[in-house]
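>>> I'll drop the sequence and a predicted model, then ask my questions.
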Amino acid sequence: MSNFTNQVVFITGAGAGIGRATALAFVKAGAKAVVADINETNGNQTVELIRAANGDAIFIACDVAIPQQIEAAIQQTVDTYGRLDIGINNAGIGGRFARLLEQTPNDFDQMMAINVGGVFYGMQAQIRQMLNQPENGHAERGKIVNVSSIAGVRGMAMGAPYSASKHAVIGLTKTAALEYARKNIRINAICPVYTHSAMVDELIQAAPIMEERMRKVIPIGRLGQPEEIAQAILWLCSDENALFTGQALQMDGGLTAG
């Protein structure tokens, strides 16, 4: 397991699913976690779980579609812990399951504001802070992981706005990685296949047949677990992977192999 002792990680959408699993995994590896989420109840529950395991964490209410709230959250992170080492831009929504012509302008605008805006504004605030702080004994000034999706590398029928937003996350990731590589800031994306989370589980609850359909298209024959994605995120942030930047790591159970 990677060692993140005394490193400070800021995670959006950390109130549940992949975000919560990632916060717990980082703390287990020695980090201090900032749990950011629009849902205060869920966010505080994540902090309670961390503290129950003798970890160090705080909760910050944050709407990632509003840049001023992300800026304020990063400032509160620094006010509390003195620095920021790792940014995980995970918050996102799934939107409506409908054909292109059935999607509304509001569907598209909301998807872009949260899934793309949250990553764009998150990276701006995180990189600005990383550039203005000492390297804390590490060769790297900072690490960022943006959570895309397997829908960011292939089409997704009935989910055009979602797929478009996740493609955009990869484009932002690659561009920012090029711009800040020489500043010792590594930026990568992770592209999970269908993973048990609030978003996917709500879809399955509304249409139980969807789980079987999802399983059928994944060669490994099952959905992902949040903890599996969390471990890959930690791997991306590990000091041992200092050459790894500007990549979109596909955690897809073999879906894109064929």
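Cool, the structure landed. As the structure is a prediction and not an experimental result, all values here were calculated from the model.
>>> helices along the stretch 1-150 of the chain, start to end?
17-28, 40-52, 67-81, 105-111, 117-131 (DSSP state H, counting those that start in this stretch).
>>> out of these, flag the one nearest Tyr194.
Of all the helices of the stretch 1-150 of the chain, helix 17-28 sits nearest to Tyr194, with 11.9 Å by CB to CB. C-beta here means a position set from N, CA and C on the backbone, and glycine is covered the same way.
>>> and the angle from the helix or strand of the chain with the lowest mean pLDDT to helix 17-28?
In the chain, no helix or strand scores lower on mean pLDDT, DSSP states H and E than helix 198-206, which sits at a mean of 75. Angle, helix 198-206 to helix 17-28, by axes from the mean of the first three to the mean of the last three CA atoms, to 10 degrees: 140 degrees.
>>> any idea which of the helices of the stretch 1-150 of the chain is most buried?
The highest mean neighbour count among these, using mean count of other CB atoms under 10 Å, belongs to helix 17-28: a mean of 26.
>>> how many neighbours does the closest residue to Gly94 other than its chain neighbours have?
Excluding the flanking residues, the one nearest Gly94 by CB to CB, 6 or more residues apart in numbering is Met199, at 4.2 Å. Counted with other CB atoms under 10 Å, the neighbours of Met199 add up to 19.
>>> again, but for the one 3 residues further on
When neighbours are counted by other CB under 10 Å, Glu202 registers 11.
>>> could we number from 127 for the rest of this?
With 127 as the first residue, the last one maps to Glu328.
>>> and it, how far from Glu354?
20 Å (CB to CB, to the nearest Å).
>>> do Met336 as well
Relative to Glu354, and taking CB to CB, Met336 is found at 20 Å.
>>> what do you get for Leu210?
The spacing between Leu210 and Glu354, counted by CB to CB, is 26 Å.
>>> kindly report the same for Ile186.
26 Å.
>>> just to revisit the earlier point, looking at Leu210 and Glu354 now, which is surrounded by more residues?
The neighbour count for Leu210 versus Glu354, taken as other CB under 10 Å, is higher for Leu210 (25 against 17).
>>> cool, thanks, talk later.
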